[in-house]
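Student: I would like to see how this sequence folds:
(2 chains)
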2 protein chains.
Amino acid sequence: MLHPDAEQIELSLVLAALSDPTRLSIIRQLAEDGEAMCRRLDFGSKSNLSYHFAKLREAGVTRTRIEGTARHISLRREDLDARFPGLLDSVIKAAASYPRLTTEADVTDGA
Amino acid sequence: MLHPDAEQIELSLVLAALSDPTRLSIIRQLAEDGEAMCRRLDFGSKSNLSYHFAKLREAGVTRTRIEGTARHISLRREDLDARFPGLLDSVIKAAASYPRLTTEADVTDGA
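Tutor: Here you go, the predicted model:
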C-alpha cells in the first residue's frame, strides 16, 4: 500500500487531494475523531469512499494501517506540519463547514 | 470578468486552483512582487498562462483589474484571510520551493 515518504510529499498533490468536498469532510472527521477504523466490508462496498481514501493516502495526507480485516486511517499531522507549516491546521479549520460523513458505518471511530 | 464575492469563495475550489505547480509559481511571484501587470499582448499570446490566471481568478484567489490594454493581477489576501485564516500564508510559504515564472515578459511588475 503506497505511502510517500515525508520528504516526497508534494504540495500540489496535497492541495489536489484536499480540493474535494468529500475529502474535506473526511479530513474534518479524522481531525475530530483521531484515527478512524474502516471495516474492510464497509470499505469494500463503498468504492466511492475507497477512491477518496486512496487519493488522500497517495498524496501523503493520511496513513492507512491494516490490522486483520480492518483499516485504520489517520492524518499524517507530523509529516505535513514539518513540510508545510500551518497548512493542515488552516484547512481543518476551514473545513469545519463541511458536513461529517452521513453514514456512521462509513467510518467507525476506532476508539 | 468573473470574480466571486468574498462570501462565495469556496474552499474546495480555492484548493483546486492552488493545486498546480504553475499556479503555485504565480502565487509565489504575486506574493513577492505585489500586483503584477500583464500586457494584453503577452497575455494573449500566452494562452496557457492565461488559462492559469483565469483559474485563480474564478476561484477567488486573485483579482484582475483592466486598465487600458494592461491587466493588473493581485492576490485577494484580505478576502482569503477572512474566509480561511492562515491558509494563504501557509501556501505562500510552502510555495517558496516553486520557481518564479521563467520569462520576465510573462508577468511584468507593475510597480
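
Student: spell out which residues of chain A are next to chain B.
Tutor: A:11-13, A:15-16, A:18-21, A:24, A:83-87, A:89-91, A:93-95, A:97-98 (C-beta under 8 Å from any C-beta of the partner chain). Yep, even glycine has a C-beta here, placed from its N, CA and C like the rest.

Student: how does it look with 7 Å?
Tutor: Selection of chain A residues close to chain B by C-beta under 7 Å from any C-beta of the partner chain yields A:11-12, A:15-16, A:18-21, A:24, A:84-87, A:89-91, A:93-95.

Student: which of the residues you listed are buried? Put it as a ChimeraX command.
Tutor: Listed next is the ChimeraX selection for buried residues among the residues of chain A next to chain B, using 16 or more other C-beta atoms under 10 Å in any protein chain shown:
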select /A:11,12,15,16,18,19,20,24,84,86,87,89,90,91,94,95
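
Student: show me where chain A has strands.
Tutor: A:36-39, A:62-67, A:70-75, A:108-109 (DSSP state E).

Student: quick one, helices of chain A?
Tutor: Ranges of helices within chain A are A:11-18, A:21-33, A:40-45, A:47-59, A:77-83, A:87-94, based on DSSP state H.

Student: which one, of these, ends up nearest to B:Arg71?
Tutor: Ranking the helices of chain A by proximity to B:Arg71 (C-beta to C-beta) places helix A:11-18 first, at 24.6 Å.
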